[in-house]
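> model the following, please.
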Amino acid sequence: MSTRRRRSTGSPTGVARKELIVRAAAKVFAEKGFANATVRDIADEADMLSGSLYYYFDSKEAMVEEVLAAYLDLTVTGYQRAAEELADPVAALHQLISLALHGLVQYRAEVTILQNDWHSVRPIESVARRQREVEKIWLDTIERGVAAGVFRSDLDVRMVYRTLMGAIQAVIRWFDPRGKVSVDDVIEVQSSILLDGIRSSR
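Numbering: from 1, shown residues only. Just a heads-up that it's a prediction; the model follows:
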């Protein structure tokens, strides 16, 4: 599925209104789910008339694409940098885990949408393409560790990736950024458990 996002006028007011719509859409999609959310819900959250939203976006799908685009672009860029700059596969995977957990806290709405509404957003090609890029970076890093002998070779690489990502994404269900446990504490515990589980004993 491809979507068409209308351009704003480029004026400061137009840009600000579009950003307001995107923030409102992220909140509504995360709270109500993509399928249940309506354009009216988003307009109400943005304190705008429903018809005004169509000046900036042609559809609800275009809105969710805009919501996810910035987060996914930053995620892919961060993962690529970590994988390229850290020659040690263990250090690289540790950094990927750290980036994923920090992203989960910073972009809670976007992560919630991807988790809860993947079946709805997966047909959007730009979203699916970026997710494939994410998967490739992680798989390549794990495979690099297997080739170097630091990660176990008896485990299916794709299953390892899915297990790691599943454990990371589950954190959003219980982590409270205002609580006593910090995201750095979570990173320390998860990195220790997850990396130790796939390290080679050689």
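> where in the chain is the helix or strand with the lowest mean pLDDT?
Scoring the helices and strands of the chain by mean pLDDT, DSSP states H and E places helix 50-53 at the bottom, with a mean of 88.
> run through who's touching that helix.
17, 21, 39, 40, 42, 43, 46, 63 (CB atoms under 8 Å, 6 or more residues apart in numbering). (C-beta placed from N, C-alpha, C; glycine too.)
> please redo it, this time with the cut-off set to 6 Å
The set of residues external to helix 50-53 that reach it, using CB atoms under 6 Å, 6 or more residues apart in numbering, is 21, 39, 40, 43.
> run through who's touching the helix or strand hosting residue 192.
Assigned by DSSP states H and E, residue 192 belongs to helix 183-198. Applying CB under 6 Å, 6+ apart, the set of residues contacting helix 183-198 from outside is 94, 97, 98, 101, 105, 151, 152, 160, 164.
> helix, strand or coil for the first one?
Secondary structure, DSSP: H, G, I helix; E, B strand; the rest coil: residue 94 is helix.
> from residue 86, how far off is residue 191?
Per CB to CB, to the nearest Å, residue 191 is found 14 Å from residue 86.
> pLDDT below threshold where in the protein?
1-10, 202 (pLDDT under 70).
> okay, strands next: where are they in it?
In the chain, no segments count as strands under DSSP state E.
> and the longest helix seen in it, which residues are buried?
As assigned by DSSP state H, the longest helix anywhere in the chain is helix 60-85. Neighbour-count burial for helix 60-85 flags 60-69, 71-72, 75-76, 78-79, 82-83 (criterion: 16 or more other CB atoms under 10 Å).
> what number of residues are in the vicinity of the closest residue to residue 73 other than its chain neighbours?
Among residues not flanking residue 73 along the chain, residue 130 sits closest, at 7.1 Å (CB to CB, 6 or more residues apart in numbering). Close neighbours of residue 130, defined as other CB atoms under 10 Å, add up to 18.
> please look at residue 130 and residue 70 and confirm they touch.
No - using CB atoms under 6 Å, residue 130 is not in contact with residue 70, being 10.8 Å away.
> what residue is smack in the middle of this structure?
Among the residues of the chain, the one closest to the centroid is residue 111, at 4.8 Å (CA atoms, centre = their mean).
> which ones are touching that one?
Residue 111 makes contacts with 104, 172, as judged by CB under 6 Å, 6+ apart.
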